[in-house]
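# Sequence and predicted structure, then a few things I'm wondering about:
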Amino acid sequence: MEELSTSSLMNDMVTPYEPALRLRVGFGHTVPVEGASGGSPRRRRTLRPQGTPDWCLLIILKGHYVVSPESEHAIDLHPGSAVLFPPHRTQDHILHESCDEGKMFWAHFFPEASMLPYLDWPKPPKQDARVMRWDSASFLNEQIHEACRHCAQYMDSNYDRKRSLALLRLEEVLGLIYQSHPDKKIKQMDDRVVQSLQHISDGIGSPLSAQMLAAKAGLSVSRFSLLFRQNMKCSIMEYVEGQRLSIARRMLADTTLPVSLIAETCGFSSVYYFSKRFRKFHEMSPSEHRHQSNL
């Protein structure tokens, strides 16, 4: 792929981003940029150097896309492939110059606990992005496309709690993609970690610590911390805070409870600390999130 010039890079604008309220999805249609002189050889590029606070999923439906196009470790994506960007990791992709147009399904989302095992995708060398590939002519590919359509349809509907319904479909999308994972042995989560996830869910409003959860699992803190990270790809307390914030997001969107009560219910020591952590991860205050979710 022809490299973009330094001057053209300087002219690239960071792609705007609208924070996801648990989930935003859609179908993207990419066409050549039209300039004053007609069709431009450059293609519309998505560039977010700091990433976004949520996860970003792209599934290629048509065309040829390139992730990190200026890198010597650029990733080529065709139909039958998808890329997953973790939170706060650079998002940089562009339609290849050989294509007249491209189409993809995209989703920005904050995962539910049940989705986390499906996010452990292979990482190409020297890349933060994660990539999965499957046969574009297979029945699995048809199922993935159908689940994508249903997910987007729920988000565009007038159903009550449409985001919750769409999240269920997105989990189906991720679960289907995961069937093509090349390393089958990671699909079985350790029972002690599964039990700890239930303990966390049951006691989310109570004080939780790595020491307490390790004791329930019958392991030392160091051994259990390593086991948890191997299975969940995050530390114990990162997971606990992520779940607390996830529940808080739902309560802010679906109830009229005071922010102080939501903070207490979700296990935060004070409303000040809750608001501080919420803003750090979601780039908006709890009150702003509630307002936007009710628009």
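Okay, I see it.

# Helix, strand or coil: sort out residue 163 for me.
Under DSSP: H, G, I helix; E, B strand; the rest coil, residue 163 falls in the helix class.

# How many residues are close by it?
23 (other Cβ atoms under 10 Å). Yep, even glycine has a C-beta here, placed from its N, CA and C like the rest.

# So it sits against residue 155, correct?
Yes: under the criterion of Cβ atoms under 8 Å, residue 163 makes contact with residue 155 at 7.1 Å.

# shared neighbours, these two?
Counting by Cβ atoms under 8 Å, 6 or more residues apart in numbering, the contacts common to residue 163 and residue 155 are residue 23.

# Show me the shaky parts of this protein.
1-13, 17-22, 31-43, 184-188, 294-295 (pLDDT under 70).

# Only C-alpha atoms, please: export the top helix by length along it in CSV.
Longest helix in the chain, counting residues (DSSP state H): helix 236-254. As requested, the backbone C-alpha atoms of helix 236-254 are provided in CSV (Å, rounded to 0.1, in the frame of the first residue of the first chain):
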residue,chain,number,x,y,z
ILE,A,236,-8.8,-8.7,40.2
MET,A,237,-9.5,-5.1,41.3
GLU,A,238,-9.6,-3.8,37.7
TYR,A,239,-12.4,-6.3,37.1
VAL,A,240,-14.2,-5.4,40.3
GLU,A,241,-14.2,-1.7,39.4
GLY,A,242,-15.2,-2.4,35.8
GLN,A,243,-18.2,-4.4,37.1
ARG,A,244,-19.2,-1.6,39.5
LEU,A,245,-19.0,1.0,36.8
SER,A,246,-21.0,-1.2,34.4
ILE,A,247,-23.8,-1.7,37.0
ALA,A,248,-23.7,2.0,37.7
ARG,A,249,-24.1,2.9,34.0
ARG,A,250,-27.2,0.7,33.8
MET,A,251,-28.7,2.2,37.0
LEU,A,252,-28.1,5.7,35.8
ALA,A,253,-29.7,5.0,32.5
ASP,A,254,-32.6,2.8,33.7
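
# For residue 136, which non-adjacent residue is closest in space?
residue 80 (3.1 Å; Cβ to Cβ, 6 or more residues apart in numbering).

# what does residue 278 give?
residue 286 (5.1 Å).

# what's the neighbour count on the one you found?
Counted with other Cβ under 10 Å, residue 286 comes out at 23.

# Do I have it right that it meets residue 275?
Yes: applying Cβ under 8 Å, one finds residue 286 in contact with residue 275, separated by 5.8 Å.

# Give the residues shared as contacts by the two.
Between them, residue 286 and residue 275 share the contacting residues residue 259, judged by Cβ under 8 Å, 6+ apart.
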